[in-house]
Structures are given as C-alpha cells and as structure tokens.
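**Q** How does the following fold in three dimensions:
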Amino acid sequence: MSPVYVTKEKLEDLKKELIELKTVKRQEVADMLRQAKDYGDLSENSAYTEAREAQNQLEMKISELEEMVKNAQIISQQEGGQYVVVGSTLTVKKDGKKYTYTIVGSEEADPVSGKISNESPLGKAFLGHAVGDEVVAHIPTGQVTYTIVDLH
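**A** Predicted structure coming up:
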C-alpha cells in the first residue's frame, strides 16, 4: 500500500475509530451472532446471515484502517517553500479569478473548503510546481490551465 498522507489530527481520529471498531463494534457483532444462533437452524436463519455479513464488513473496515494507520505519513502545513508538496497552500489564477487550495491526503479532501487531494487530477497537476508555473490539469470535463501565483 502506498503512503497515506494525513495530518496528525486525522491520524488520531483514525486510531480512535480503530479502537472503537475493535472493542465496542466487535462486541456488538458478537452479540448479534450469539443471538442469531439462538434462533436455531443456521441454514435458513436470515438474522445469522445478516450478522455474519456485518462481521465480514467490520473486519474489512478494521483491516483497512490498520493498513492506513500503518502506512500513515504525517503532513503538516507547509509554510512557503519553492515547490508544491502535500501540505502546501497555494493561490492560483484561472480566467482572471484567484483560488486558494491546500494539498492534503485523500482522507482529508474537502474541495468545497479548498482542500484537494494529492491524488485528484488537480492535486497531481500542482505537485512539484513553483510560483509562476502554468499548470495544465486534465479533469473529467477536459483540461484547465492555472497559474500558481503564491505558495504560503
């Protein structure tokens, strides 16, 4: 698995969620399974089937979170710098309008608030560029050109 870029705060949230899933949620699913088994014949027991499915989904989520925590790379707000990296906040200009974006990991992306993923077409396009560079981003609706005007 490739690195998962997260802020320190997001990593703590992931760890808390993992603990919750491993303790409280696992116990809830175990209780569901135990209760479903009490209904009798497991081959025609829809409650048991649903509980097993819930258990499978929970274990997949736990496994996914464990991998994310294991591969987490902490990013911090980059002040200035010469090139756009994960954690950079940049101001760009497109069609005479200015936009400010912060490059974050995919787990924290929130385009509405200006946080774009390093894995998104726009995020990928900005990475490695400097102030003054024209950047062409290939997005689903075509391509757009931005000029980086500031890294802050």
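**Q** tell me the SS of residue 43?
**A** Here residue 43 is recorded as helix under DSSP: H, G, I helix; E, B strand; the rest coil.
**Q** Which positions within the one helix or strand residue 60 maps to qualify as buried?
**A** Taking DSSP states H and E as the definition, residue 60 sits inside helix 46-70. By neighbour count on 16 or more other C-beta atoms under 10 Å, the buried set for helix 46-70 is 48, 51, 52, 55, 58, 62, 65, 68. Bear in mind the C-beta positions are built from the backbone N, C-alpha and C, glycine included.
**Q** what's the closest residue in space to the second one that isn't next to it in sequence in contact with, if anything?
**A** Using C-beta to C-beta, 6 or more residues apart in numbering and skipping residues adjacent in sequence, the residue nearest residue 51 is residue 32, 4.1 Å away. Residues touching residue 32, when contacts are defined by C-beta atoms under 8 Å, 6 or more residues apart in numbering, comprise 47, 50, 51, 54.
**Q** swap the cut-off to 10 Å and go again
**A** 47, 48, 50, 51, 52, 54, 55 (C-beta atoms under 10 Å, 6 or more residues apart in numbering).
**Q** On the pLDDT front, check the closest residue to residue 126 other than its chain neighbours for me.
**A** Ranked by C-beta to C-beta, 6+ apart and with sequence neighbours excluded, the top spatial neighbour of residue 126 is residue 84, at 4.7 Å. At residue 84, the predicted lDDT confidence score is 94.
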